Structures are given as structure tokens and as C-alpha cells.
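**Q** all I have is the shape, not the residue letters:
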């Protein structure tokens, strides 16, 4: 059986190393340990988790578009992408919040997406 280090497994799955560690603790991902007690992940386990997922990324989180700009500053680059498909965002909020905001079909509203990171895929 072939194995890769946890960092490589996370890269192949399109997740962070912290997420991989959480999945291990939750039993969602089967890992083993090497002689130095570091996590190693069987390639078969990576294939199992990627089954049915394009490049290991959930389709509902993939917003295709066109790069508008790339701003490089030192070690970082800010990439601005114009999303080219209609997007529908679903938020689950409390009933009290919905009533307080007077939400109803046809009313103007904004979806505020809070995420820890945005990855770029080509």
C-alpha cells in the first residue's frame, strides 16, 4: 500500500492540514502513523474521499469566472475573479432574525459569505 504525508494528502484533497487533522480525529479519514508518529494517508483513502468530486472540491463551492486582476505584493498575490454564472446562496438563519429583517420573496437582500479562505482553480 502506498502512503503520502498528511500535508500532501491535504493538498490532493483540496483541504487545509488542520481540516485533515480534524477529519482524522472525527473518523472521517483513515490515517496511519509512521515511525516518527507523523500522520501518513493511504492513496486509496484519498481516492475514496475524492470519488464523485471534481478535483476534490465541492461543486457547490466552485464559482467559475474570469480573472479580472492579479496584484502581487511580496510573497502574496490578490486575484480578483468576475463570476460568470448565476449564483444562488442559501443561508440558514433563526426565525427571529428572518422576522427582524422582514424577509419575504422579492425583497432586496445581500448574502454575506464568511470564509476562512478562497482557493483559485484553473
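**A** Received the coordinates, thanks. In this text, all values refer to a predicted model and were calculated from it rather than measured experimentally.
**Q** might you list the low-confidence residue ranges for the protein?
**A** In the predicted model of the chain, residues 52-62, 114-116, 122 satisfy pLDDT under 70.
**Q** what segments of it are strands?
**A** Taking DSSP state E as the criterion, the chain contains strands spanning 3-5, 32-33, 39-42, 65-73, 76-83.
**Q** which one of those lies closest to residue 24?
**A** Ranking the strands of the chain by distance to residue 24, with Cβ to Cβ as the measure, places strand 39-42 first at 6.5 Å. In this view, the C-beta of every residue, glycine as well, is placed from N, C-alpha and C.
**Q** what helices or strands is the closest one leaning on?
**A** Identification of packing neighbours for strand 39-42 by 3 or more Cβ pairs under 8 Å, 6 or more residues apart in numbering; DSSP states H and E yields strand 3-5, helix 6-13, helix 17-26, strand 32-33.
**Q** residue contacts, the residue lying closest to residue 49 once chain neighbours are set aside?
**A** Setting aside the residues directly before and after it, residue 49 is nearest to residue 13 in space (Cβ to Cβ, 6 or more residues apart in numbering), at 5.9 Å. Going by Cβ atoms under 8 Å, 6 or more residues apart in numbering, residue 13 touches 20, 46, 49, 50, 56.
**Q** burial check on the first one, number of neighbours?
**A** It stands for residue 20. Counted by other Cβ atoms under 10 Å, the residues lying close to residue 20 total 21.
**Q** my read: it touches residue 10, true?
**A** Yes. With contact defined as Cβ atoms under 8 Å, residue 20 counts as touching residue 10 (4.3 Å).
**Q** re the thing from before, out of the contacts of residue 13, which are buried?
**A** Restricting the contacts of residue 13 to buried positions leaves 20, 46, 49, with burial counted as 16 or more other Cβ atoms under 10 Å.
**Q** nearest to residue 72 among the residues you listed?
**A** residue 20 (28.7 Å).
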